[in-house]
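> Okay, predicted coordinates and the sequence, questions at the end:
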Amino acid sequence: MTKLLVVDDEANIRLLYAQELSDEGYEVVTAASALEAVERLEGSSFDLVVLDIKLRNESGIELLQRIVKERHALPVILCTAFSCYKDDFSAWLADGYVVKSSDMQELKDEIRRVLAKKQKAAAPTAG
Amino acid sequence: MDWECCWSRDEITPDGCPYVGEGEEDLYSSHRRRIVEKCVECPRFKNDLARMKGAGNPLTEVLPYILTEFQEQKAQMGAMLSFLNSKTREIKFLREVGLVLQTSMDLDEVLSVAMTAITAGKGFGMNRAFLLMTDKERRNIRGYLGVGPKDYEEAWRTWEDIGRSNFTLKELAKNFQKTKLNSEKVKFHDILGQLSVPLADQGHIFNRALRGKKPILVENALNNPDLDRGLARILGVDCFLVMPLISRNRRIGVIIADNCITHKPITLQDMQSLETFAFPVAFALERASLYERLQEEVDKQKSANLKLREQQELIVKMEKMALVGKITSSIAHSIRNPLMVIGGFARTLLRGTPESDDKRSYLESIVRETRQLEDVLSEVLDYSESLFPVMDLWDINELLGNALAELAATLEQAGVACLKELSPELPMVRIDYKQISYCVKTVISTGLSVMAQGGELRVESLLDGDGVLLRISDSGTSLSKKAQEALTAPFYQTQEMGAGVGLSLCKTILERQGDSLSIVSRPGGGNTYNIRLLTRKENI
């Protein structure tokens, strides 16, 4: 089963993500902070991380940099409340990006796209 | 005795002396003046003297001596008077010219006065004059302006026009500046182009005149083996004057004057008069040139100030943008997160509610209204972002200066000396300031990381075809091929470089804007990072 790590400091949003993504057939583990996320990543293997760019008193970007640095094969989708992510170009390191919305369809589509891309990259090339 | 000459008569009638001409009628009644001006040279008086001698008058023995002495004195007086007249005219003329030269800051006006003074009949009356000036780099003397007729026909026409007019020298100069200066600059273009001489050519007549600070009169140039015949051939005359223009020991230039039409010999007096005139001309030319250069500098300063003001305004705008960004980001978070929770859970509930349930319409309203609120929020946030475009025209040298100032303490701590070579002629480049500044700082930090023992960092900016090249060179260890691959692979780890995203991210940023980053390592040590920014980015 595809295993996702959802990192967001809002408990209700974590709950919403967990419900919606579980309904899509993913195994969802949540983390409320960067520290918790690192612990989860060290303790288990994940297929994708859904990361809020703005965590309480922390920067999601720093966590993103750490993930890319230590596990560059692990794809990350950034979620943000505002498209000012462009201001911090380190966000370009992420594999996907979505603006937070009550309609989770965009996030679901993006997860599918990134996972398919990862799978394609991992598959041995023909010929 | 009945004398042949009228010398003995107090008063005479018009037929009394055939030598009294028209306009001299007062001599009929002025006995003394008639004797001094007419009788002493009159052949009839000489005949009377001979008759007196025959009559045994003892005075006739001494009188010829007195007369000869008188005539010599009179001739000398005449020459002195003519000299005085010419000097008076010269002083009057110099005063008139001097007044303009002392006050004018306009190079064209000074040139017009000087060249008119040399060539006008009311001035020195030379047929033609060429002005040669030392170039800005002080390496060569170059032909600048030629004034005078090209042939007899033009000379005749010009002199006739001037002869008919009653202009003063100042008026002639003004007229020349207004109607002829520009055409004269072109007229002798062929000759002026051949008159360029390096100041280092010590043997050339121009440099000899400048070194000796004295005019040189060249005569019979075409047949004189000691002289440069080439110059005579260019000018088309074999007699000309080379006048040095020196002001406060600075070599301003040279004036060449000749009589190419009338072939009148240039006299010592012409030369002396022109020499007196050369000093104020040189001084005025130097002052006007300096003033012109000062004006250029003032204009440059003005445009630099304008640029600075524009940059300051942009910085203020950027700061405002950052502030607006922070505020909107905060609002976005405060509103979007609760909206997402409300709308999201409503959607979840809606999915689990049967079509027949009355509560379904309430949930649908919550979903719809939340969606609407989210759309309004996106619209407001997008609008606030559009108020401050990210891409703008920036001065790259300013950006480099700011980046270096930010890193000054780090550079000092690392024992790295920074050498700046920034081209002053760069165009403004459309960039995202924040991103390019990040790239520059990242490249400098990469350079620092290979200079553990200190060294030299060279930062250059130059125009490179349709782009501006920022060249940053370190004097540290040469990067291996493997280390250079860090450019394209994020977190590529090498022993030299460790792991990082810096250069890889810079490359991504630059390529997205149509720019590029490349790295060249020198085998002996040191690396050069080239950031090339396109000056035209219509489609980016």
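Yep, that arrived. Residues are numbered from 1 along each chain as shown, chains lettered A, B, ... in the order given.
> In contact with B:Asp392, which residues are there?
Contacts for B:Asp392 were tallied using Cβ atoms under 8 Å, 6 or more residues apart in numbering or on different chains; they are B:Leu314, B:Arg430, B:Ile431, B:Tyr433. For the C-beta atoms, the positions are set from N, CA and C on the backbone; glycine is no exception.
> For those, pick the one with the most neighbours.
With neighbours defined as other Cβ atoms under 10 Å in any protein chain shown, the most crowded of these is B:Ile431; it has 25 neighbours.
> So it: helix, strand or coil?
For B:Ile431, the assignment made with DSSP: H, G, I helix; E, B strand; the rest coil gives strand.
> What are the boundaries of the strands in chain B?
Taking DSSP state E as the criterion, chain B carries its strands at B:128-134, B:140-147, B:197-198, B:216-218, B:240-247, B:250-258, B:391-394, B:416-422, B:429-432, B:455-464, B:467-474, B:516-521, B:527-534.
> From the contact counts, what lies against the fourth one?
The reference is to strand B:216-218. Counting contacts by 3 or more Cβ pairs under 8 Å, 6 or more residues apart in numbering or on different chains; DSSP states H and E, strand B:216-218 packs against helix B:205-212, strand B:240-247.
> Tell me which other helices or strands the first one touches.
Contact partners of helix B:205-212 among helices and strands, from 3+ Cβ pairs under 8 Å, 6+ apart: strand B:216-218, strand B:240-247, strand B:250-258.
> got the buried residues for stretch A:98-117?
When burial is assessed from 16 or more other Cβ atoms under 10 Å in any protein chain shown, stretch A:98-117 yields the following buried residues: A:Val98, A:Val99, A:Lys100, A:Ser101, A:Ser102, A:Met104, A:Leu107, A:Lys108, A:Glu110, A:Ile111, A:Val114, A:Leu115.
> which among those residues are in contact with chain B?
The overlap between the buried residues of stretch A:98-117 and the neighbourhood of chain B (criterion: Cβ under 8 Å from any Cβ of the partner chain) consists of A:Val99, A:Lys100, A:Ser101, A:Ser102, A:Met104.
> wait, what's in contact with the last one?
Residues in contact with A:Met104, defined by Cβ under 8 Å, 6+ apart, are A:Leu16, A:Tyr17, A:Glu20, A:Leu21, B:Gly344, B:Arg347.
> quick one, phi/psi of it?
Backbone torsions for A:Met104, taken as degrees, to the nearest 10, come to phi -80, psi 0.
> Spatially, what comes nearest to the residue of the stretch 301-450 of chain B found nearest chain A if we skip its sequence neighbours?
Checking the stretch 301-450 of chain B residue by residue against chain A with Cβ to the nearest Cβ singles out B:Gly343 as nearest, at 2.4 Å. Taking Cβ to Cβ, 6 or more residues apart in numbering or on different chains as the measure, B:Gly343 lies nearest to A:Ser102, with 2.4 Å between them; neighbours along the chain are not counted.
> Go ahead and confirm that neighbour touches B:Met340.
Yes - here A:Ser102 lies in contact with B:Met340, judged by Cβ atoms under 8 Å, at a distance of 5.0 Å.
> hang on, the earlier thing: let's see which of the ones next to chain B among the buried residues of stretch A:98-117 end up in helices.
Under the assignment DSSP state H, those contribute nothing to helices.
> Make CSV from these and add pLDDT to it.
Shown next, in CSV, are these (pLDDT from 0 to 100):
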residue, pLDDT
A:Val99, 88
A:Lys100, 90
A:Ser101, 92
A:Ser102, 92
A:Met104, 91
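> Arrange the contacts of A:Met104 in CSV, one row each, with pLDDT as further columns.
CSV is the format used below for the contacts of A:Met104 (pLDDT from 0 to 100):
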residue, pLDDT
A:Leu16, 95
A:Tyr17, 95
A:Glu20, 93
A:Leu21, 95
B:Gly344, 94
B:Arg347, 93
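> close to chain A, is stretch B:524-540?
No - contact check for stretch B:524-540 against chain A, using Cβ under 8 Å from any Cβ: none in range, with a minimum separation of 14.3 Å.
> How many residues are close by B:Glu296?
Other residues close to B:Glu296 by other Cβ under 10 Å number 10.
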